[in-house]
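[1] Next one to model:
(one chain, ligands or ions: 2)
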Amino acid sequence: MGKVTGFLEIEREDRDYQPVAERIKHWREFVLPLPEQELRAQAARCMDCGVPYCHGTSRLTGAPVGCPVNNQIPDWNDLVYRGNWDEAALNLHSTNNFPEVTGRVCPAPCEASCTLNIEENPVTIKTIECEIADRAIAQGLKPELPTRKTGKRVAVVGSGPAGMAAAQQLARAGHDVHVYERWAKAGGLLRYGIPDFKMEKVHVDRRVEQMQSEGVTFHYGVDVGVNVPADQLVKEHDAVVLAGGAEKPRDLPIPGRELKGIHFAMDFLPQQNRRVSGEPQTGAAILATGKKVVVIGGGDTGSDCIGTSIRQGAASVTNFEIMPQPPEHENKLLTWPDWPLKLRISSSHEEGVTREFAVLTQKFSGENGHVKKLHCVHVDAKFQPLPGSEFEIEADLVLLAMGFVHPLHEGMLKMLDVALDQRGNVSADTDAYVTSVPKVFAAGDMRRGQSLVVWAIREGRQCAHAVDKFLMGSTTLPR
Ligand SMILES: Cc1cc2nc3c(=O)[nH]c(=O)nc-3n(C[C@H](O)[C@H](O)[C@H](O)COP(=O)(O)OP(=O)(O)OC[C@H]3O[C@@H](n4cnc5c(N)ncnc54)[C@H](O)[C@@H]3O)c2cc1C
Ligand code: SF4
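    Numbers count the residues shown, from 1 in each chain. Ligands and ions are numbered 1, 2, ... in the order given. Predicted coordinates for the structure are as follows:
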């Protein structure tokens, strides 16, 4: 364990951010790393609890509480405390293919379930994870080559974190892995959704290079079910993994929705990511510069629209959320070690947005075909309008960030005639990961619905385990 009395002696310290005035002038990451001595002291706070909920399993449901990839957090905290960074990196990579990614963008359910969080003082697990990964990468990412080739050919559709994790695991098991991606580069939402100021794309590029040297072949511009028939893919491979994400955005079908200036978040955010990386754009530019922006939806995607609008120089940014404002502090006795409902303030929220909760937008109105106003009302806990609370707000750009309902059904899924679950996601259990179509598997948001990067990595790894077992009869890949 860390230092026996560390948690009594050392206060929690975490990474700071560049001041708002500086960071909104650029698109780079702005988190300031902790110095080594401070980081080791933070790792010393880990108590190596008898039941480490940070990487544990719920006694009630058997589902993970804390880290979804079951990172062995107390073990690497101890290694960092002792300055054994190389051993810590080996341990971390044994459960997580892309810890430099989760160390940047994971909401850290591990910290919510840390025993020290009972006193609002959890170990800075995510920061320590990020530093272990960054130090290992600074020494050069080496390929982990398989000891033998199996001669089996596997297709992975989609190169988001689920597809990448599955592909890397399967290549390391000796299979000939081909990733088919409709976009020009790999990464899925890591590259085209999450803005550069949260995670620069060099982190994706490095992993793609590592995977290529491990034998994974990436095929870009291949939209399976559109420009390559899905059944052809099934015929040409011994197994197919569907990891296409949950791309169908939730719409707001109210009067005025057809007006110009109202866009889905995922029409807006990828444009900026492409602008930053110098990729060519398609379609008319959607820019917040000089505009009154209203972002509808209070989650991660909404927050990314806020930070992006502010950096583009919006005149004002307002954020509406239909749910009531959650409490600033959760009731620990009711929630710990589970993920609590509480007010979340992201770095983008700190950059200059007006946030309003319990707001329902009832109508858009406009001039010359372009949106000018939102007509809104406050609602009660059952989303019923509160009489007399109606109000209007001016807007020239409205960004809809209300989540994603399920994967796209047109194209690949229809062509494969794969069974869907009640929510419209691809139906497959988390044991075999196999769909209703023989030798076709599914993982990540395409199977579980809109979720998190860390869950996508977990599913990609578990799905690879299931595919390897299907192909070879047994597997040494970890679940
Ligand atoms: C704006 C935004 C910000 C987010 N921020 C965070 C965050 O900070 N932290 C966090 O943990 N999670 C975040 N998330 C959620 C997270 O990004 C997703 O849960 C995760 O990326 C899902 O991974 P995936 O591999 O299942 O799918 P995706 O990342 O969606 O990747 C799917 C890939 O499949 C490709 N594809 C789909 N269909 C086909 C086809 N037919 N042929 C070829 N290719 C196809 C797509 O082009 C895409 O590249 C965010 C999501 C969004 C939208
Ligand atoms: S992946 Fe997320 S939950 Fe797991 S240790 Fe890292 S920050 Fe915590």
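[2] Leaving out the residues flanking it, which one is nearest to Q169?
    Excluding the flanking residues, the one nearest Q169 by C-beta to C-beta, 6 or more residues apart in numbering is A464, at 3.4 Å. Using the backbone N, CA and C atoms, a C-beta is placed for each residue, glycine as well.
[3] Could you list the buried residues of the helix or strand containing the one you found?
    Per DSSP states H and E, A464 falls inside helix 453-472. Neighbour-count burial for helix 453-472, with 16 or more other C-beta atoms under 10 Å as criterion, is recorded at 453-471.
[4] That one and ligand 2, are they touching?
    Yes: for helix 453-472, a contact with ligand 2 is found by C-beta under 6 Å from any ligand atom, at V454.
[5] That helix near ligand 1 anywhere?
    Yes: using C-beta under 6 Å from any ligand atom, helix 453-472 reaches ligand 1 at V453, V454, A456.
[6] OK, contacts around the residue of the stretch 1-150 of the chain found nearest ligand 1?
    Using C-beta to the nearest ligand atom, the closest approach of the stretch 1-150 of the chain to ligand 1 is made by V105 at 3.8 Å. Listed by C-beta atoms under 8 Å, 6 or more residues apart in numbering, the contact set of V105 reads L190, I194, K198, M199, V453.
[7] Please identify which pair of the residues you listed lies farthest apart.
    Spanning the widest gap among the contacts of V105 are K198 and V453, at 10.9 Å by C-beta to C-beta.
[8] State the distance from the residue of the stretch 1-150 of the chain closest to ligand 1 to ligand 2.
    9 Å (C-beta to the nearest ligand atom, to the nearest Å).
[9] I310 too?
    Taking C-beta to the nearest ligand atom, one finds I310 at 26 Å from ligand 2.
[10] That residue reaches T354, doesn't it?
    No: under the criterion of C-beta atoms under 8 Å, I310 makes no contact with T354, lying 12.0 Å away.
[11] between these two, which one's more packed in?
    I310 (21 against 11; other C-beta atoms under 10 Å).
[12] and the angle from the helix or strand harbouring the more buried one to helix 453-472?
    I310 is part of helix 300-312, with elements assigned from DSSP H and E. Interaxial angle, helix 300-312 versus helix 453-472 (axes from the mean of the first three to the mean of the last three C-alpha atoms, to 10 degrees): 120 degrees.
[13] Show me the contact partners of whichever helix or strand comes after helix 300-312.
    Reading on from helix 300-312 to the C-terminus, the next helix or strand found by DSSP H and E is strand 316-320. Strand 316-320 has contacts (C-beta under 8 Å, 6+ apart) with 288, 292-298, 302, 306, 309-310, 349, 352-356, 359, 361, 374, 376, 393, 395.
[14] For strand 316-320, give the mean pLDDT please.
    Mean per-residue pLDDT for strand 316-320: 98.
[15] Neighbouring strands - and their directions - for that strand?
    Partner strands for strand 316-320, per DSSP bridges, with pairing direction: strand 292-296 (parallel), strand 354-356 (parallel).
[16] Just send these back as CSV, with mean pLDDT and distance to F7 too.
    Shown next, in CSV, are those (pLDDT from 0 to 100; distance: least, C-beta to C-beta, whole Å):
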stretch, mean pLDDT, distance to F7
strand 292-296, 98, 39
strand 354-356, 97, 34
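[17] ranking those strands by burial, who's on top?
    Across those, the average number of neighbours (mean count of other C-beta atoms under 10 Å) peaks for strand 292-296, which reaches a mean of 26.
[18] The residue of the chain most remote from its centre and ligand 2, how far apart?
    No residue in the chain sits farther from the centre than G388, which is 39.1 Å out by C-alpha atoms, centre = their mean. Distance of G388 to ligand 2, computed by C-beta to the nearest ligand atom: 44 Å.
[19] for F7, same thing?
    Relative to ligand 2, and taking C-beta to the nearest ligand atom, F7 is found at 18 Å.
[20] Equivalent analysis for H465, please.
    18 Å.
[21] That residue touches T476, doesn't it?
    No: contact criterion C-beta under 8 Å: H465 and T476 do not qualify, at 9.3 Å.
[22] now the strands paired with strand 316-320 as JSON lines including distance to ligand 2?
    Shown next, in JSON lines, are those (distance: least, C-beta to the nearest ligand atom, whole Å):
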{"stretch": "strand 292-296", "distance to ligand 2": "25"}
{"stretch": "strand 354-356", "distance to ligand 2": "25"}
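[23] would CSV of those with distance to R344 be doable?
    CSV is the format used below for the strands paired with strand 316-320 (distance: least, C-beta to C-beta, whole Å):
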stretch, distance to R344
strand 292-296, 15
strand 354-356, 11
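[24] Could you point out which of these sits nearest ligand 1?
    strand 292-296 (11.5 Å).
[25] and that closest one, does that touch ligand 1?
    No: on the criterion C-beta under 6 Å from any ligand atom, strand 292-296 is out of touch with ligand 1, staying 11.5 Å away.
[26] Would you give the sheet partners of the helix or strand hosting L399, along with the direction of each?
    For L399, the host element (DSSP H and E) is strand 397-400. Applying DSSP bridges, strand 397-400 is found paired with strand 262-264 (parallel), strand 292-296 (parallel).
[27] that older thread, kindly indicate the member of the contacts of V105 with the most neighbours.
    Busiest of these [other C-beta under 10 Å] is V453, holding 28 neighbours.
[28] Quick check: phi and psi at the spatially closest residue to that one that is not a sequence neighbour.
    In this structure, V453 finds its nearest non-sequential neighbour in P161, 4.9 Å apart by C-beta to C-beta, 6+ apart. Torsion angles at P161 (phi, psi; degrees, to the nearest 10) stand at phi -60, psi -30.
[29] Can you report how many residues neighbour P161?
    Look at P161: counted by other C-beta under 10 Å, it has 33 neighbours.
[30] who touches it in this structure?
    F98, V101, G188, L189, L190, G444, V453, A456, I457, G460 are the contacts of P161 under C-beta under 8 Å, 6+ apart.
[31] What's the local residue count around the closest residue to the fourth one other than its chain neighbours?
    It stands for L189. Nearest non-adjacent residue to L189, counting by C-beta to C-beta, 6+ apart: G160, 5.7 Å away. For G160, the neighbour count with other C-beta under 10 Å is 27.
[32] Which pLDDT value belongs to G160?
    Looking at G160, its pLDDT stands at 98.
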